[in-house]
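>>> I would like to see how this sequence folds:
(chains A and B)
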Amino acid sequence: MKSKKSKDYWRKNLKYLIILLSIWFTVSFGFGVILVDQLNTFQFFGFKLGFWFAQQGSIYVFVILIFVYIYLMNRLDKNFRSSK
Amino acid sequence: MSLQFSIWLIVGLTFALYIGIAIWSRASSTNEFYVAGKGVHPIANGMATAADWMSAASFISMAGIISFLGYDGSVYLMGWTGGYVLLALLLAPYLRKFGKFTVPAFIGDRYYSNTARTVAVFCALIVSFTYIAGQMRGVGVVFSRYLEVDINSGVFIGMGIVLFYAILGGMKGITYTQVAQYCVLIFAFMVPAIFISIEMTNNPIPQLGFGSVGSDGVYLLDKLNGLHQELGFSQYTSGSKSKLDIFFITAALMIGTAGLPHVIVRFFTVKKVSDARKSAGWALLFIAILYTTAPAIAVFARTNLIETVSEKNYNDMPSWFKKWEDTGLLEFNDKNNDQIIQYNGNETINELTIDRDIMVLANPEIAQLPNWVIALLAAGALAAALSTAAGLLLVISSSVSHDLIKRIVKPDISEKGELVAARLSAFFAVLLAGYFGINPPDFVAATVALAFGLAAASFFPAIVLGIFYKRMNKEGAISGMIIGILLMLFYMTKFKFGWFGGGDSSDWWFGISPEGFGTVAMIVNFIVSITISNLTKEPPKEIIDLVENIRLPNETDD
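The predicted structure is shown next:
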């Protein structure tokens, strides 16, 4: 169980988690809440940018994040299984 | 075809479909009853999760709430979608790898303790009951508004349908019915939205439409901000809640989503671990279709409404205005007796009170869409309410029959006996939910949103620490869950129902509303869990092995 292979797998997984969750936090709590007033000074088509992130952009990024994680983990699982 | 006839026809057809699916997919083992035999395709599970997730409130009320709150409504949009990222990354794959039927089963086994299991069962029951009562009420309300039966008969019809397919099919029946219900509800939500988007902006995609220019060449949101300013409302795109509160409410809703047992249990139904991740992705995609459309509907409806009624003569109002006035959802009080409707952000001169539910329910009429669209909307709202009620019902029945009866009260029960117990507890849960639907206690409406706070404060830390923190032991988890949920219950009852001396928004701790307090209670749970855990004995060796095992993928891909 505590082989190097297992440790590497878990460490990689945690690295993915930290990166993806930082993006998750940035687009929602960062752009949609904390920085919303600053971003609202920019116009994005008919939207104020901060408002767009809060009501549209963050949700699109959430969907993309999960699919990126699916891709990364499928690759990681495959490597884990082949490196016996 | 008359409107009444179209509605009965479409609602009748969808109900026949649900019953047909239930008969086709009835469950014959506990494995099928609790987790649909673990054979659900990830895309089908994604649809089922989406239908399970989107309740009567998402379907009927959310767009309306956003249209009144403007930017502040973003808490629901981000909160009820962002939780799926947490689910997919932190919970679903590991819980699926663990391979049991329910959330209390995970808690009980991971924390090697029937006390932890029992605490988890009670947390699951509290969360699920506050939620399901609102759903049955929603079914009743939709029936009474569209089918002209009274609310109580509506609740009875809804109970009958849910009972039939939940008891017969268990999770298997519920899952495939939810797939059909997702299709019905998303179609019903999108059709009017697309029609209205074309009408107002010439763009068939509502998500783009509400950032486009209207027929007068002005950006729709700029126009709406202008109208708001003129009428004394705060700017639509800015809102009025404090930033801190927005932050905490959003976090509580996200984390609560990831801690809701009826959502988590959906990920036990797929074939393999990688499918749990996949179905979380599909679920969020299917949910996002509705959640990104809702803010567009909010803007269309708000603009439409203000332009139709503001400063217009009462006698020139279109027929839908009178119709919704009769239902009490729209009220005109001509304070200065000039027959002109003054709709204003200033309460002393405002003459129009609008219930938020109108925004979705009356939208097709306001936009003068054909009868079948209105009928579709009724069927969609019922699909949303029934699918969520059924999912909750299953959590309640499996918590009782599997976690309480099988694991604690009567471990030697046969599988057949357990299946009977599961069906019986589903039956009693429906009766109880129906009772609350017919006699809604005042707190039901107030607590549905708070169910998220309760889930965040109790389950989320126990599950996440159980996976990511090997040192976590039963003493820490049990005290964390108990203190978390009690703290949340205390704050909610104090500020929502005035217990423990009550108080108003000026007394809120750190200015955080009860809706956002789940985040605070969750942080307290984390701190208590980790501290107590480090002060008490390490978990046994086999538990540490168990945790190491659920972190790794299976040797083969199945």
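
>>> can you pull the contacts of the residue nearest to B:Ile358 when sequence neighbours are not counted?
Leaving aside its chain neighbours, B:Ile358 sits nearest to B:Leu329 (5.2 Å; criterion: Cβ to Cβ, 6 or more residues apart in numbering or on different chains). Yep, even glycine has a C-beta here, placed from its N, CA and C like the rest. Applying Cβ atoms under 8 Å, 6 or more residues apart in numbering or on different chains to B:Leu329 gives the contacts B:354-355, B:357-358.

>>> any idea which helix or strand comes after the helix or strand of chain B with the lowest mean pLDDT?
Taking mean pLDDT, DSSP states H and E as the measure, chain B has helix B:443-448 as its least confident helix or strand, at a mean of 58. Downstream of helix B:443-448, the next assigned helix or strand under DSSP states H and E is helix B:450-468.

>>> B:His228 sits in which helix or strand?
helix B:220-231.

>>> show the subsequent helix or strand relative to that helix.
helix B:243-259.

>>> sorry, back to before: quick one: contacts of the helix holding B:His228?
Against helix B:220-231 from outside (Cβ under 8 Å, 6+ apart): A:46-48, A:51, B:70, B:200-201, B:209-214, B:216, B:234-237, B:299-300, B:302-303, B:306-307, B:310, B:343-345.

>>> can you give me the buried ones in it?
Across helix B:220-231, burial judged by 16 or more other Cβ atoms under 10 Å in any protein chain shown covers B:220-225, B:227-228, B:231.

>>> and stretch B:281-297, by the same measure?
Applying a neighbour-count criterion of 16+ other Cβ under 10 Å, one finds B:281-297 buried in stretch B:281-297.

>>> what about chain A: which of these touch it?
Filtering these for proximity to chain A (criterion: Cβ under 8 Å from any Cβ of the partner chain) leaves B:281, B:284-285, B:288, B:291-292, B:295.

>>> I'd like these laid out as TSV, including distance to B:Gly518.
Shown next, in TSV, are these (distance: Cβ to Cβ, whole Å):
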residue	distance to B:Gly518
B:Gly281	25
B:Leu284	21
B:Leu285	26
B:Ala288	23
B:Tyr291	20
B:Thr292	25
B:Pro295	23
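
>>> farthest pair in the residues you listed?
The most widely separated members of those, counting by Cβ to Cβ, are B:Gly281 and B:Pro295 (22.0 Å).

>>> give me the number of residues near the closest residue to B:Gly518 other than its chain neighbours?
Spatial nearest neighbour of B:Gly518, chain neighbours left out: B:Gly453 (2.7 Å); criterion: Cβ to Cβ, 6+ apart. Look at B:Gly453: counted by other Cβ atoms under 10 Å in any protein chain shown, it has 34 neighbours.

>>> cool, the one 10 residues further on as well?
Applying the criterion other Cβ under 10 Å, we find 23 residues in the vicinity of B:Ile463.

>>> what about stretch B:500-517, how long is it end to end?
One end of stretch B:500-517 to the other measures 17 Å (Cα to Cα, to the nearest Å).

>>> and it, what's buried?
B:508, B:512-517.

>>> quick check: the residue nearest to B:Ile358 vs B:Cys123, distance?
Noted for B:Leu329: a distance of 36 Å to B:Cys123, by Cβ to Cβ, to the nearest Å.

>>> equivalent analysis for B:Phe286, please.
In terms of Cβ to Cβ, B:Phe286 sits 28 Å off from B:Cys123.

>>> kindly report the same for A:Lys15.
Using Cβ to Cβ, A:Lys15 is found at 32 Å from B:Cys123.

>>> what do you get for A:Leu39?
A:Leu39 sits 38 Å away from B:Cys123, going by Cβ to Cβ.

>>> the more surrounded of the two?
B:Cys123 (26 against 20).

>>> grab the nearest non-local neighbour of that one.
B:Ser458 (4.2 Å).

>>> burial of the one you found, as a residue count?
Per other Cβ under 10 Å, the neighbour tally for B:Ser458 reads 33.

>>> filter the buried residues of stretch B:500-517 down to the ones in helices?
Those of those mapping onto helices are B:Phe517, per DSSP state H.

>>> for chain A, state which of the buried residues of stretch B:500-517 is nearest.
B:Gly516 (11.7 Å; Cβ to the nearest Cβ).

>>> off-centre distance for the lengthiest helix in chain A?
Of all the segments of type helix in chain A, defined by DSSP H, the longest one is helix A:58-82. On the basis of Cα atoms, centre = their mean, to the nearest Å, helix A:58-82 sits 10 Å off its chain's mean C-alpha point.

>>> what comes into contact with that helix?
Under Cβ under 8 Å, 6+ apart, the answer for helix A:58-82 is A:5, A:9, A:12-13, A:16, A:20, A:23-24, A:27-28, A:31-32, B:77-78, B:81-82, B:84-85, B:88-89, B:93, B:274, B:277-278, B:280-281, B:284-285, B:288, B:291-292, B:552-553, B:555-557.

>>> change it to 7 Å
A:5, A:9, A:12-13, A:16, A:20, A:23-24, A:27-28, A:32, B:77-78, B:81-82, B:84-85, B:88-89, B:274, B:277-278, B:280-281, B:284-285, B:288, B:291-292, B:553, B:555 (Cβ atoms under 7 Å, 6 or more residues apart in numbering or on different chains).

>>> just the ones in helices from those, please.
A:5, A:9, A:12-13, A:16, A:20, A:23-24, B:77-78, B:81-82, B:84-85, B:274, B:277-278, B:280-281, B:284-285, B:288, B:291-292.

>>> list only buried entries from the residues you listed.
Here, 16+ other Cβ under 10 Å leaves A:9, A:12-13, A:20, A:23-24, B:77-78, B:81-82, B:84-85, B:274, B:277-278, B:280-281, B:284-285, B:288, B:291-292 buried among the ones in helices among the contacts of helix A:58-82.
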